[in-house]
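How does the following fold in three dimensions:
(one chain, ligands or ions: 1)
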Amino acid sequence: MLNEKIAKLINEQVNKELYSGYLYLDFANYYADEGLDGFAHWYEVQAQEERDHAMMMRRYLLDNGYRVTFDAIAKPDKTFSKHSEPLDAGFEHEKYVTSLINEIYSQAFVIKDFKTMQFLDWFIKEQGEEEKNADDMVKKYKMFGHDAKGLYALNQELAARVYTPSATGPAM
Ligand code: FEO
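Purely as a prediction, here's the structure:
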């Protein structure tokens, strides 16, 4: 059985991952409205990945005898006036998510919950990639986003992102 406190933190993280998906879909809505379909697509794929993260945590809880409960998902409340703003917000959000995962990991470490630590190893690595991807978006926009041709090329590049299900995630 899972420690109750750890299980509760992971259950809360399920909600936060679903919120992340919601947030990124909101970014996609903004870019679609701006005519930047490649940026919109990139965030639609990101939203799918966030749902995968939530489902992996839900499955871990279920497989360890914990009754998962769902809370309301918060409304994304950001408004954007520049194309760079969702990119900056995305990078900040991923750093925040990393801090949440790290906190669960450190709690698991304190009580010697090695099984949960092993489960979270995948997420620790994933957060490294998520932060890098978000940082790359910020950097690329800084380099290419302020010129119409550069923005067009970047939009094309982002349109090519392929969704790969996180099925190879952690062993339960
Ligand atoms: Fe599920 Fe973007 O972290």
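
What separation do you get for the spatially most central residue of the chain and Lys149?
The C-alpha lying nearest the average C-alpha coordinate of the chain belongs to Glu50 (C-alpha atoms, centre = their mean; 4.6 Å). With the distance defined as C-beta to C-beta, to the nearest Å, Glu50 ends up 32 Å from Lys149. Just so you know, the C-beta spots here come from the backbone N, C-alpha and C atoms, and that holds for glycine as well.

and Gly35, helix, strand or coil?
The three-state label given to Gly35 by DSSP: H, G, I helix; E, B strand; the rest coil is coil.

burial of it, as a residue count?
When counting by other C-beta atoms under 10 Å, one arrives at 9 neighbours for Gly35.

And for Ala148?
Ala148, neighbours per other C-beta under 10 Å, totals 8.

Same check on the one 4 residues further on?
When neighbours are counted by other C-beta under 10 Å, Tyr152 registers 13.

Settle this for me: Asp37 is touching Ala160, isn't it.
No: counting by C-beta atoms under 8 Å, Asp37 stays clear of Ala160, with 11.7 Å between them.

Comparing those two, which residue is more hemmed in?
Comparing Asp37 with Ala160 by other C-beta under 10 Å, the one with more neighbours is Asp37, at 16 against 9.

which non-adjacent residue is nearest that one?
Ala159 (6.3 Å; C-beta to C-beta, 6 or more residues apart in numbering).

dump the residue contacts of the one you found.
Taking C-beta atoms under 8 Å, 6 or more residues apart in numbering, we find Ala159 in contact with 37-38, 41-42.

and the closest residue to Asn29 other than its chain neighbours, what helix or strand is that in?
The shortest distance from Asn29 to any non-neighbouring residue, by C-beta to C-beta, 6+ apart, is to Ala40 (7.6 Å). Using DSSP states H and E, the element containing Ala40 is helix 37-63.

in the helix or strand following that helix, what counts as buried?
The first helix or strand that comes after helix 37-63 along the chain, using DSSP H and E, is helix 85-110. Buried residues in helix 85-110, counting neighbours by 16 or more other C-beta atoms under 10 Å, are found at 86-87, 89-91, 93-94, 97-98, 100-101, 104-105, 107-108.

Then stretch 112-123?
Across stretch 112-123, burial judged by 16+ other C-beta under 10 Å covers 113, 116-117, 119-120, 122-123.

Among those residues, which pair sits farthest apart?
By the measure C-beta to C-beta, the buried residues of stretch 112-123 have their two most distant members at Asp113 and Trp122, which lie 15.4 Å apart.

List the contacts of the nearest residue to Ala74 once chain neighbours are set aside.
Using C-beta to C-beta, 6+ apart and skipping the chain neighbours, the partner closest in space to Ala74 is Tyr19 (5.5 Å). Residues in contact with Tyr19 (C-beta under 8 Å, 6+ apart) are 73-74, 76.
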